[in-house]
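Sequence first, predicted coordinates after that:
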Protein chains: 2
Amino acid sequence: MSLTEARQSPDTRERILDAAEALFVEHGFEATSMRLITGRAGVNLAAINYHFGSKEALIQDVFRRRLTWLNEERLRALEKFEKEAKGAPLKAHQIVEAFFGVSLRMAADTVHGGHTFMRLLGRTYTEPSAFVRQFLADEYAAVVPRFKQALFRALPDVPPEEILWRFHFMLGAMSYAIAGTDALQLVSGCELDEKDPGALARRLMPFLLGGLRAPLPEQAAKPKEKRPRRAA
Amino acid sequence: MSLTEARQSPDTRERILDAAEALFVEHGFEATSMRLITGRAGVNLAAINYHFGSKEALIQDVFRRRLTWLNEERLRALEKFEKEAKGAPLKAHQIVEAFFGVSLRMAADTVHGGHTFMRLLGRTYTEPSAFVRQFLADEYAAVVPRFKQALFRALPDVPPEEILWRFHFMLGAMSYAIAGTDALQLVSGCELDEKDPGALARRLMPFLLGGLRAPLPEQAAKPKEKRPRRAA
DNA sequence: GCTCGTTTCAAACGGTCGTTTGAATGATAC
DNA sequence: GTATCATTCAAACGACCGTTTGAAACGAGC
């Protein structure tokens, strides 16, 4: 244990993380008790406090395990496009692809837990708990400014404030599409096609780009412009 | 009390509903204890069980108080357009206006609690709790099919399945824009302009319509069509 | 005055929560 | 073998949960 780098208790930690991730999606943070988690994971109740320290720390580790990689992947995708562009502004669809495409690909992974995690993540954007919000803000601190700046360059005619709003709208559309998959299907009255997870990306990306490039609102932006125009 | 139709205990019920509504937005359902609610409302702990029966029933009444009216208002707006159209299909922007415009107007009301409620509602779409989901499904049962059918008629060239997805995306974009107002602004790094609640509607409506009318995804729909086309 | 139904109140109920404890267990090094 | 360390375990801790209770307070009708 001291000499080898391999984790001791090879399963326990991961089993707890897997069980917690799934249960958080099913019931939310508050309604998921540690006894429920350890019960599903098949480990002792005290194992959570032993391996993670507290329930809050467990929640953060559930996110960290996948979110760090996700955000790195988003940056890698963005930088690949930037390298290809050789200093020229990116296309809007490339930026959207780098941010949301990576997310949607993770959400399409139903075998390694990516789908479960993305549902949890989408739900957590509206999570009221203060420490979760702070944690998410820290995790996104490195990636959001990069994408903001890329969008500002890609859409020089659109007021930056408007771009931020639309980025916000896009995030909401995607999060709901992933997280609310069973909540709103009750409203829609059918299951749509959940079998093919890749279908979501094919359907969502055009919607996002259509919204991002929609005509500007009339009263917003500089008043010198009278008629709405295409944003990009 | 038995003769007059006026409610007894004129404040207590409403004070509890107001306090609960605000606290549910701040902390979520599970994390909001009845002692917290009654404490803020300035009433006795037992008042909730006396007036509502249980915490679950209180949650439902918090929604019913405003949601019933909201959905009726949505239907009224839709029927007004339908009357004007005299049997012709509505325009997509009218349907979007009837559904989302009414919601956004309620969300712009910061003095009578409409804003608070819409934040709560948006958050609750992703609420995992089973009874809340069932309750929402019941409340929306009368209104969703009407809007679905109106959209199908308005966009005859778009596959119905695609319309449902985009309706779902629009709902997500709006809910996040309202509910996540402080959650994601931390990510965005600024407060945007929260002073003017009407600004949200002016910014969101073009985005929604842009998404709804975006070109269709390539592989979706009937395969006889090769190139993507405008949806409306 | 008294009565009766509604509403409020302080106190307690059993249960579950997250966390801690101290002893058992297991594997490695000597 | 013994010593040492990380890990697991059953049991308990105090705190808080939603709910119930029975008495007190209130107000309208007579």
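Received the coordinates, thanks.

Next to DNA strand C in this structure, residues from chain A, please.
A:1, A:3, A:32-36, A:45-46, A:48-49, A:54-56 (CB under 7 Å from any atom of the strand). Any C-beta I mention is one placed from the backbone N, CA and C, and that applies to glycine too.

Mark which of these are buried, thanks.
Listed as buried from those are A:32, A:34, A:48, A:55; burial here means 16 or more other CB atoms under 10 Å in any protein chain shown.

Please identify the helix or strand for the third one.
Remark: A:I48 resides in helix A:47-51, with elements defined by DSSP states H and E.

That helix: what's the following helix or strand?
Next in sequence after helix A:47-51, counting helices and strands by DSSP H and E, comes helix A:55-85.

How far away from the center of its chain is that next one?
Counting by CA atoms, centre = their mean, to the nearest Å, helix A:55-85 is centred 9 Å from the centre of its parent chain.

so what's A:A92 up against?
Counting by CB atoms under 8 Å, 6 or more residues apart in numbering or on different chains, A:A92 touches A:151, A:154-155, A:209, A:212-213, A:232.

Could you do A:E82 as well?
Contacts of A:E82 by CB under 8 Å, 6+ apart are A:90, A:150.

so how far is chain B from it?
A:E82 is 21 Å from chain B, where distance means CB to the nearest CB, to the nearest Å.

what's the answer for A:L151, then?
Applying CB to the nearest CB, the value for A:L151 to chain B is 12 Å.

rewinding a little: rebuild the buried ones among the residues of chain A next to DNA strand C as JSON lines, extending it with pLDDT and distance to B:K91.
Listed next are these as JSON lines, based on pLDDT from 0 to 100; distance: CB to CB, whole Å:
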{"residue": "A:T32", "pLDDT": "97", "distance to B:K91": "45"}
{"residue": "A:M34", "pLDDT": "98", "distance to B:K91": "53"}
{"residue": "A:I48", "pLDDT": "98", "distance to B:K91": "55"}
{"residue": "A:K55", "pLDDT": "98", "distance to B:K91": "51"}
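
In TSV, list the residues you listed along with distance to DNA strand D.
Listed next are these as TSV, based on distance: CB to the nearest atom of the strand, whole Å:
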residue	distance to DNA strand D
A:T32	15
A:M34	10
A:I48	10
A:K55	12
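
and which of the residues you listed is nearest to A:S175?
Nearest to A:S175 among those is A:T32, at 19.9 Å by CB to CB.

Surely that closest one is in contact with A:L23?
Yes: contact between A:T32 and A:L23 holds when scored by CB atoms under 8 Å: they sit 4.5 Å apart.

before we move on, the earlier item: which secondary structure elements does the helix holding A:I48 contact?
The contact analysis (3 or more CB pairs under 8 Å, 6 or more residues apart in numbering or on different chains; DSSP states H and E) places helix A:47-51 against helix A:12-27, helix A:34-41.

okay, the angle between the shortest one and helix A:12-27?
Orientation note: helix A:34-41 sits at an angle of 120 degrees relative to helix A:12-27 (axes from the mean of the first three to the mean of the last three CA atoms, to 10 degrees).

Excluding chain neighbours, what is closest to A:A201?
Once flanking residues are discounted, A:A201 sits nearest to A:L104: 4.0 Å by CB to CB, 6 or more residues apart in numbering or on different chains.

and chain A, what are its domains?
A:1-53, A:65-212 (automatic domain parsing).

Kindly report which one of these carries the lowest mean pLDDT.
Note on the domains of chain A: domain A:1-53 shows the lowest mean pLDDT, a mean of 86.

Can you give the distance of that one from its chain's centre?
For domain A:1-53 - counting by CA atoms, centre = their mean - the centre lies 22 Å from the chain centre.

ditto for stretch A:120-130
10 Å.

Name the residues of that stretch that are buried.
So for stretch A:120-130, counting by 16+ other CB under 10 Å, buried means A:120-129.

Now do the helices in chain A.
With DSSP state H as the criterion, chain A has helices at A:12-27, A:34-41, A:47-51, A:55-85, A:92-96, A:102-107, A:114-124, A:130-140, A:144-154, A:160-179, A:183-188, A:198-212.

got these as JSON lines, with distance to B:M170 columns?
Below are these laid out as JSON lines (distance: least, CB to CB, whole Å):
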{"stretch": "helix A:12-27", "distance to B:M170": "24"}
{"stretch": "helix A:34-41", "distance to B:M170": "35"}
{"stretch": "helix A:47-51", "distance to B:M170": "40"}
{"stretch": "helix A:55-85", "distance to B:M170": "24"}
{"stretch": "helix A:92-96", "distance to B:M170": "17"}
{"stretch": "helix A:102-107", "distance to B:M170": "18"}
{"stretch": "helix A:114-124", "distance to B:M170": "16"}
{"stretch": "helix A:130-140", "distance to B:M170": "24"}
{"stretch": "helix A:144-154", "distance to B:M170": "21"}
{"stretch": "helix A:160-179", "distance to B:M170": "7"}
{"stretch": "helix A:183-188", "distance to B:M170": "11"}
{"stretch": "helix A:198-212", "distance to B:M170": "8"}
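
out of the ones you listed, nearest to B:A108?
Of all these, helix A:160-179 comes closest under CB to CB, at 15.3 Å.

Can you show me the CA trace of stretch A:169-181 as CSV?
Extracted in CSV, the C-alpha atoms of stretch A:169-181 (Å, rounded to 0.1, in the frame of the first residue of the first chain):
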residue,chain,number,x,y,z
PHE,A,169,-30.4,29.6,-22.7
MET,A,170,-28.4,27.0,-24.6
LEU,A,171,-27.1,25.5,-21.3
GLY,A,172,-30.7,25.4,-20.0
ALA,A,173,-32.0,23.7,-23.1
MET,A,174,-29.3,21.0,-23.0
SER,A,175,-29.6,20.4,-19.3
TYR,A,176,-33.3,19.9,-19.4
ALA,A,177,-33.1,17.7,-22.4
ILE,A,178,-30.7,15.4,-20.5
ALA,A,179,-31.9,15.8,-16.9
GLY,A,180,-35.6,16.0,-17.4
THR,A,181,-35.8,13.0,-19.7
